[in-house]
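A.B. asks: Here you go, sequence then predicted model.
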Amino acid sequence: MQQMDRVGLILIGDELLSGKRVDRHLPHVAAVLTPRGQTVAWVRMVGDSQGDIVSELKQTRAAGLPVFCFGGIGATPDDCTRAAAAAAFGVALQRNQAAVAEIEQRFGDAAYPQRIRMADLPEGARLIPNPYNRIPGFSLEAHHFFPGFTDMAWPMLDWVLANHYPQAGEALCEVSVLVHGVVESRLLDLMERLAADHPGAKLFCLPKLPPGSVLELGFRGPRVSVDAALADLLTALRARAVAYTVSPAPD
């Protein structure tokens with residue numbers, strides 16, 4: 001199993017870029033990773049263009065992070081992720097006999113001539129089991145390819161995490177306060193000090209509109225680090241006579 005604390009996501013589909021569908025994978029993956037002490041490092045969204053997907057995969061392969069890729073592994077003409085993955089990794093697209101067996105077990109004679117195309121995978125691909133309909137996803141190095149459908153993809157994601165990536169550390173949590181009547185610039189020096197003094201807690205600042213009315217200021221990270229940073233923040237706000245309320249946030 002490979003230790004990791006950050007992953008990248010690639011979300012594939014013209015329907016995402018056109019706004020016809022709203023992505024649900026990012027919030028789900030983030031929620032799954034948080035209790036494992038892991039985070040999403042970046043997200044890329046690309047349409048159903050083989051050339052564009054090849055370009056993205058070449059870049060993300062060089063980046064060195066595990067990558068979860070959702071969409072485009074079906075059998076319709078717009079599903080070009082399998083061929084793009086083969087091209088990006090410099091291998092042939094070939095019929096994977098283990099995938100053939102899965103698809104034949106599920107569909108019998110109805111697997112031919114169309115569904116069986118989804119067994120055409122990059123050479124050397126490792127299968128990701130699909131409990132929904134047995135049409136597998138696949139992995140190449142640290143890239144893992146899932147269907148776009150959440151009912152299929154999310155159990156497959158759970159399997160990849162359980163079998164390839166152990167928990168990285170403590171569960172992450174988030175806490176924040178709502179600061180009233182100040183703008184960011186008045187607290188910039190404080191934020192810089194807090195970020196330097198508490199490197200284990202990632203500071204965030206979210207101004208609310210209209211400007212100067214409310215500022216959400218908080219931390220994300222392991223519980224011990226976050227609690228220490230929050231206590232320091234509250235002490236500093238009281239010393240400056242700045243009004244605040246603690247805002248509840250999910251762990």
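C.D. replies: Arrived safely.

A.B. asks: Every contact and neighbour count from this point should use C-alpha atoms.
C.D. replies: Will do.

A.B. asks: for this structure, what spans make up the helices?
C.D. replies: In the chain, the helices defined using DSSP state H lie at 14-17, 25-33, 50-63, 81-89, 97-107, 150-164, 184-197, 223-239.

A.B. asks: which one of those lies closest to R6?
C.D. replies: Taking CA to CA as the criterion, R6 comes closest to helix 25-33 out of the helices of the chain, the separation being 8.9 Å.

A.B. asks: for the helices of the chain, which one ends up most surrounded?
C.D. replies: Using mean count of other CA atoms under 10 Å, the stretch among the helices of the chain with the greatest mean number of neighbours is helix 81-89 (a mean of 23).

A.B. asks: Check what contacts that one and list those residues.
C.D. replies: 50-51, 53-55, 57-58, 71-73, 92-93, 120-123 (CA atoms under 8 Å, 6 or more residues apart in numbering).

A.B. asks: what about 7 Å?
C.D. replies: Q50, I53, V54, L57, K58, G72, I73, A92, L93, L121, P122 (CA atoms under 7 Å, 6 or more residues apart in numbering).

A.B. asks: closest to M156 among these?
C.D. replies: I73 (13.6 Å).

A.B. asks: Quick check: phi and psi at the closest one.
C.D. replies: Recorded main-chain torsions at I73 are phi -110, psi 20, according to degrees, to the nearest 10.

A.B. asks: Show me where the stretch 101-250 of the chain dips below the pLDDT cut-off.
C.D. replies: Low-confidence segments of the stretch 101-250 of the chain, defined by pLDDT under 70, are located at 211-212, 248-250.

A.B. asks: if we can go back for a sec, pipe the contacts of helix 81-89 into a markdown table and attach distance to L178 per row.
C.D. replies: Shown next, in a markdown table, are those (distance: CA to CA, whole Å):
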| residue | distance to L178 |
| --- | --- |
| Q50 | 46 |
| I53 | 41 |
| V54 | 44 |
| L57 | 40 |
| K58 | 42 |
| G72 | 42 |
| I73 | 44 |
| A92 | 55 |
| L93 | 54 |
| L121 | 51 |
| P122 | 50 |
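
A.B. asks: Of the residues you listed, which is the nearest to E170?
C.D. replies: For the contacts of helix 81-89, with E170 as the reference and CA to CA as the criterion, the closest is L57, at 30.4 Å.

A.B. asks: Enumerate every residue touching that closest one.
C.D. replies: For L57, the contacting residues are A88, by CA under 7 Å, 6+ apart.

A.B. asks: about what we covered before: please identify which of the helices of the chain is closest to M1.
C.D. replies: If you check each of those against M1 by CA to CA, helix 150-164 wins as the nearest, at 4.6 Å.

A.B. asks: Neighbours of R44, how many?
C.D. replies: Using other CA atoms under 10 Å as the criterion, R44 is surrounded by 12 other residues.

A.B. asks: Now do it against E56, distance only.
C.D. replies: For R44, the distance to E56 (CA to CA, to the nearest Å) stands at 8 Å.

A.B. asks: Alpha carbons only: can I get stretch 112-129 in CSV?
C.D. replies: Written as CSV, here are the backbone C-alpha positions of stretch 112-129 (Å, rounded to 0.1, in the frame of the first residue of the first chain):
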residue,chain,number,x,y,z
TYR,A,112,-21.6,-8.8,-27.5
PRO,A,113,-21.0,-6.9,-29.6
GLN,A,114,-21.2,-3.6,-27.7
ARG,A,115,-20.6,-3.9,-24.0
ILE,A,116,-17.5,-6.0,-24.4
ARG,A,117,-15.8,-2.9,-25.8
MET,A,118,-15.5,-1.7,-22.2
ALA,A,119,-12.9,-4.6,-21.7
ASP,A,120,-10.6,-2.8,-24.1
LEU,A,121,-8.1,-1.3,-21.6
PRO,A,122,-4.6,0.0,-21.6
GLU,A,123,-2.0,-2.7,-21.5
GLY,A,124,-0.9,-3.5,-18.0
ALA,A,125,-4.1,-2.0,-16.4
ARG,A,126,-5.1,-3.3,-13.0
LEU,A,127,-8.9,-3.8,-12.6
ILE,A,128,-11.0,-2.0,-10.1
PRO,A,129,-14.1,-4.1,-9.2
